[in-house]
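**Student:** here is the input, now give the coordinates:
(one chain, ligands or ions: 1)
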Amino acid sequence: MRTLFSFSLALTLGLSTFAQIQSPEAFFGYALGSRFNDHHDVVAYFQQLESNANGGLILDEYGRSNENRPLVVAYISTPENLKRIEEIKKAHSSLDKNEGIAIVWMSYNVHGNESSGTEAAMKTAYELIAQHQDWLKNTLVIMDPCINPDGRDRYVHWYNQVANSTPNPDPSAAEHDEPWPSGRPNHYMFDLNRDWAWLTQVESQQRIHLYNQWLPHVHVDFHEQGINDPYYFAPAAEPYHEVITDWQREFQNGLGRNHANYFDKQGWFYFTREIFDLLYPSYGDTYPTFNGAVGMTYEQAGNGRAGLAIQTNDGDTLTILLRKRISNTNPIVLEGITKTLSH
Ligand SMILES: [Zn+2]
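**Tutor:** Numbers count the residues shown, from 1 in each chain. Sure thing, here's the model as predicted:
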């Protein structure tokens, strides 16, 4: 009887936890940002979300990198929308039908050593499913958690080998001096954020094949910039290329203004309208823009120098946790997008 009771209790618990997605912290057993995750662990995390999200996430392997790592996207929306994903895709590609579903594509870690990106993707996916089903009623998020897994793993493996067990924020420490070849480019040392139009690399070729089947309304390309520059988002620096329409220009401005509201409320530093242009056609913001989307670059402070913690010029310490390289900016960015789209 006791055995039977234990068995049925285990079964009940097992069944009830089966339908529970795990946060990154619960899945890995440590807080995001306390170490960098290998790409295979990231893929395992998304597989866990797919298994436990009750139809709220579909994981699709769209190809393989040069070093044979899986290239994946996660489709995230309400289970009802995802059941109709092929219909939504068909309606979106036929200009005379409007399903009323905004398609937002979010790309992370095209530069492999801009290391908070993929970590932030996991947190964003989890929070979207666990906390923000209301945003997903009219939104399909297509999330590529790591465009350049070979470069990212090159960075992560190097960092884990040289880093102190307690991160050393002294900028002269070895863990802030990434050697050549850095994790920024792919296996063949090509910068994949210069390859969207030319498609010389297998990662780009396979991704664009999928991207062009969707042509989303919004494309977000997440990066990290220097450690002393806090955060950048749209609008981009003038002048814009002449093919960019007034509608795209205005929409980008609206999204930027909406993000600024959220950042202002939090007291976070940022800048807009500087440095990042919309001229060269082979970036992750311009290629989508030239193909009808609102394409935008986002730049968090960080980059290959930052590691898990580094002193900045103003004497502060930029950490992957405390200064929110992972933390809240991604969900806020998406909330800003969904709220702007719904107006
Ligand atoms: Zn970058």
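
**Student:** could you list the buried residues of stretch 150-170?
**Tutor:** Counting neighbours by 16 or more other CB atoms under 10 Å, one finds that the buried residues in stretch 150-170 are 150-156, 158-159, 163, 167-169. No exception for glycine: its C-beta is placed from N, CA and C like everyone else's.

**Student:** could you do stretch 130-143 as well?
**Tutor:** Going by neighbour count (16+ other CB under 10 Å), the buried part of stretch 130-143 is 132, 135-136, 138-143.

**Student:** how long is stretch 60-73 end to end?
**Tutor:** For stretch 60-73, the separation between the terminal residues is 5 Å (CA to CA, to the nearest Å).

**Student:** equivalent analysis for stretch 159-175, please.
**Tutor:** With CA to CA as the measure, stretch 159-175 spans 6 Å from end to end.

**Student:** pLDDT on it, on average?
**Tutor:** Mean per-residue pLDDT for stretch 159-175: 95.

**Student:** now the residue nearest to residue 63 when sequence neighbours are not counted: how far from residue 247?
**Tutor:** Across the structure, with CB to CB, 6 or more residues apart in numbering as the measure, the residue nearest residue 63 apart from its sequence neighbours is residue 206 (3.0 Å). With distances defined as CB to CB, to the nearest Å, the gap from residue 206 to residue 247 amounts to 30 Å.

**Student:** now residue 252. Nearest residue, chain neighbours left out?
**Tutor:** The spatial neighbour of residue 252 that comes closest, neighbours along the chain excluded (CB to CB, 6+ apart), is residue 234 at 4.7 Å.

**Student:** the one you found sits in which helix or strand?
**Tutor:** Secondary-structure element containing residue 234, defined by DSSP states H and E: none, the residue being outside all helices and strands.

**Student:** residues of the stretch 1-150 of the chain that sit close to the ion?
**Tutor:** Counting by CB under 5 Å from the ion, the stretch 1-150 of the chain comes close to the ion at 111, 114.

**Student:** try it again with 8 Å
**Tutor:** Applying CB under 8 Å from the ion, we find that the stretch 1-150 of the chain lies next to the ion at 110-111, 114.

**Student:** is it true that the residue nearest to residue 63 lies in a helix?
**Tutor:** Yes: for residue 206, which was evaluated using DSSP: H, G, I helix; E, B strand; the rest coil, the result is membership in a helix.

**Student:** burial count for it?
**Tutor:** By the measure other CB atoms under 10 Å, the count of residues near residue 206 is 17.

**Student:** can you tell me how far the residue lying closest to residue 23 once chain neighbours are set aside is from residue 45?
**Tutor:** The shortest distance from residue 23 to any residue that is not its chain neighbour, by CB to CB, 6+ apart, is 5.4 Å, and that residue is residue 126. To residue 45, residue 126 is 9 Å away according to CB to CB.

**Student:** just name the closest of the buried residues of stretch 150-170 to the ion, please.
**Tutor:** Distance to the ion, by CB to the ion, is smallest for residue 151 among the buried residues of stretch 150-170, at 10.5 Å.

**Student:** I'd guessed the closest one sits against residue 185; true?
**Tutor:** Yes: judged on CB atoms under 8 Å, residue 151 makes contact with residue 185 at a distance of 5.8 Å.
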